[in-house]
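# generate a structure from the sequence data that follows.
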Amino acid sequence: MKQITIKELKMYLDTGLKVKTKHDIETLSMCNSSGVYLEYKYDLYSLDDIKPLLKPLSDYKDINGEAMRELDCVRNIKVNINNIARGYYDWNECTHASVEFMAQNHIDFQDLISRGLAINLNELKQ
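The predicted model follows:
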């Protein structure tokens with residue numbers, strides 16, 4: 001079974017990221033090599049036991065689309081997000097500010113949803 005790695009998850013630390021556990025939806029608090037801690041919980045959770053709730057990058061393919069209009073950022077960050085969404089370049093080739101913005105806004109720039117390591121937030125809302 002595939003599981004998310006600490007390296008992938010740590011990008012979203014301190015962003016208020018929600019994760020789905022076997023029983024509930026909680027806020028990610030901290031992670032280390034042993035697992036993750038959730039806000040207001042004292043138990044250590046295994047990486048197998050959680051899946052982040054993320055917005056799919058595909059929502060940002062249309063530079064004039066609704067998802068883009070909702071982003072509160074400077075134009076060059078929007079252009080970077082759009083270019084990554086359209087496959088023009090990878091997230092690790094864009095500015096640090098763009099990666100930080102995507103993490104802060106829980107955008108799946110690491111392709112975790114399609115790899116089965118995260119949950120598409122749009123599907124959860126339906």
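
# next secondary structure after the longest strand along the chain?
For the chain, the longest strand by residue count, based on DSSP state E, is strand 25-32. Next in sequence after strand 25-32, counting helices and strands by DSSP states H and E, comes strand 35-38.

# residue 3 versus residue 115, what's the distance?
From residue 115 across to residue 3, the span is 10 Å (C-beta to C-beta, to the nearest Å). The C-beta positions use only the backbone N, C-alpha and C, and glycine is treated the same way.

# before we move on, back to that, how far away from the center of its chain is the longest strand of the chain?
Once both centres are worked out by C-alpha atoms, centre = their mean, to the nearest Å, strand 25-32 turns out to sit 13 Å from its chain's centre.

# and it, what does it pack onto?
helix 6-9, strand 18-20, strand 35-38 (3 or more C-beta pairs under 8 Å, 6 or more residues apart in numbering; DSSP states H and E).

# what lines up beside the last one in the sheet?
So the one you mean is strand 35-38. strand 25-32 (antiparallel), strand 44-45 (antiparallel) (DSSP bridges).

# out of those, point me to the one whose mean pLDDT is lowest.
Ranked by mean pLDDT, the strands paired with strand 35-38 bottom out at strand 44-45, which scores a mean of 81.

# quick one: name whatever helix or strand follows that one.
strand 51-56.

# who does that following strand pair up with?
strand 18-20 (antiparallel), strand 107-108 (parallel), strand 119-120 (parallel).

# could you give the separation of the helix of greatest length in the chain from the chain centroid?
As assigned by DSSP state H, the longest helix anywhere in the chain is helix 75-85. Distance of helix 75-85 from the chain centroid (C-alpha atoms, centre = their mean) equals 16 Å.

# so can I have a markdown table of the strands paired with strand 35-38 showing mean neighbour count and distance to residue 19?
Output for the strands paired with strand 35-38, formatted as a markdown table (neighbours: other C-beta atoms under 10 Å; distance: least, C-beta to C-beta, whole Å):
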| stretch | mean neighbour count | distance to residue 19 |
| --- | --- | --- |
| strand 25-32 | 16 | 5 |
| strand 44-45 | 16 | 8 |
